[in-house]
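Colleague: quick one, what's the 3D model for this:
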Amino acid sequence: MVRRVSRFSVIVRNDEGEYLAHLTNSGRLLDLIFPGSSCLCVSKRPAKTTLKIVGVPVSKEWAVLIDPHEQTRCFVNAADAGAIQWLDGWRITGTEVNCGESRIDYKINRYEDNSIGFIETKSAAMLLSGNVGAFPDCPTIRGRKHVKTMLRLANKHRSIILFLVQHPDAESFSPSIQGDKQFVADLADAVDDGVEVRAVKMSLNLDGDVILFNSDLKCIIPQL
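Modeller: Presented below is the predicted three-dimensional model:
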């Protein structure tokens, strides 16, 4: 990488020259996106950019998958394959569901008793000390709004906030107080009132395969 031009664009360089690449992750990613770091790109339909950054290598074998679209695609594939144990008996039946003040990523159903649930996903690419995967890395007004929506939905339905942990060294997940203390407080209150917090760990290898390491990574929710 040469430099970050804007929130969603980065100048990257290879042996053939420099290119403007699309960054789909809205986080600051200061530990991953910086001048001199390596990145993995794929071609995209030419527009303002011709490349999309999908990952950042962190070892000789593994990279952090930073493209949220690829993260959620891989999660849905795992869920459809029955690899997410806490979704046993449930099926994803809707996407981008209008829930009033927010659009929530997924609607789920359990047909044996006609139960309804909702899942909101968050991309957790950051790694804190102690090998803790974390979100967010900056204040997230949208994230706080989603927590309030999921809390309301929990009054009648199964309500899950799912963190997609991407760093291969992560051994647990925790929301980041340094990133957004209010988000952490809101999340803790939501858990007390029936919202489930789950984490799934997956990572991108340098052959281009996304590997599911842990479908139910330990979550630690600070009490403020």
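Colleague: from the centroid of the chain, which residue is nearest?
Modeller: Here the mean C-alpha position of the chain is nearest to the C-alpha of residue 123 (CA atoms, centre = their mean), at a distance of 1.5 Å.
Colleague: now the residue of the chain most remote from its centre: how far from residue 206?
Modeller: Here the centre of the chain is the reference, and by CA atoms, centre = their mean the most remote residue is residue 16, at 32.1 Å. With distances taken as CB to CB, to the nearest Å, residue 16 is found 20 Å from residue 206. (C-beta placed from N, C-alpha, C; glycine too.)
Colleague: for the residue farthest from the centre of the chain, phi and psi?
Modeller: phi -100, psi -10 (degrees, to the nearest 10).
Colleague: tell me, how many residues neighbour the residue nearest to the residue nearest to the centre of the chain when sequence neighbours are not counted?
Modeller: The shortest distance from residue 123 to any non-neighbouring residue, by CB to CB, 6 or more residues apart in numbering, is to residue 68 (4.6 Å). Neighbour count of residue 68, defined by other CB atoms under 10 Å: 18.
Colleague: now swap in residue 209 and tell me
Modeller: Residue 209, neighbours per other CB under 10 Å, totals 9.
Colleague: that one: what's it in contact with?
Modeller: Neighbour list for residue 209: empty [criterion: CB atoms under 8 Å, 6 or more residues apart in numbering].
Colleague: where's it relative to residue 75, distance?
Modeller: According to CB to CB, residue 209 stands 15 Å off from residue 75.
Colleague: next one: residue 186
Modeller: For residue 186 relative to residue 75 (CB to CB), the value is 23 Å.
Colleague: for residue 128, give its distance to residue 62.
Modeller: For residue 128, the distance to residue 62 - CB to CB - is 18 Å.
Colleague: what is the neighbour count of residue 2?
Modeller: Other residues lying near residue 2 total 14 when counted by other CB under 10 Å.
Colleague: once you drop chain neighbours, what's closest to it?
Modeller: residue 11 (4.1 Å).
Colleague: before we move on, what SS does the nearest residue to residue 138 once chain neighbours are set aside have?
Modeller: In this structure, residue 138 finds its nearest non-sequential neighbour in residue 28, 4.8 Å apart by CB to CB, 6+ apart. Counting by DSSP: H, G, I helix; E, B strand; the rest coil, the backbone at residue 28 sits in coil.
Colleague: need the helices for the chain, in chain order.
Modeller: 68-80, 141-153, 181-192 (DSSP state H).
Colleague: show me what contacts residue 148?
Modeller: Going by CB under 8 Å, 6+ apart, residue 148 touches 101, 186, 190.
Colleague: need the per-residue pLDDT for it.
Modeller: For residue 148, the pLDDT comes out at 97.
Colleague: how close does it sit to residue 208?
Modeller: 38 Å.
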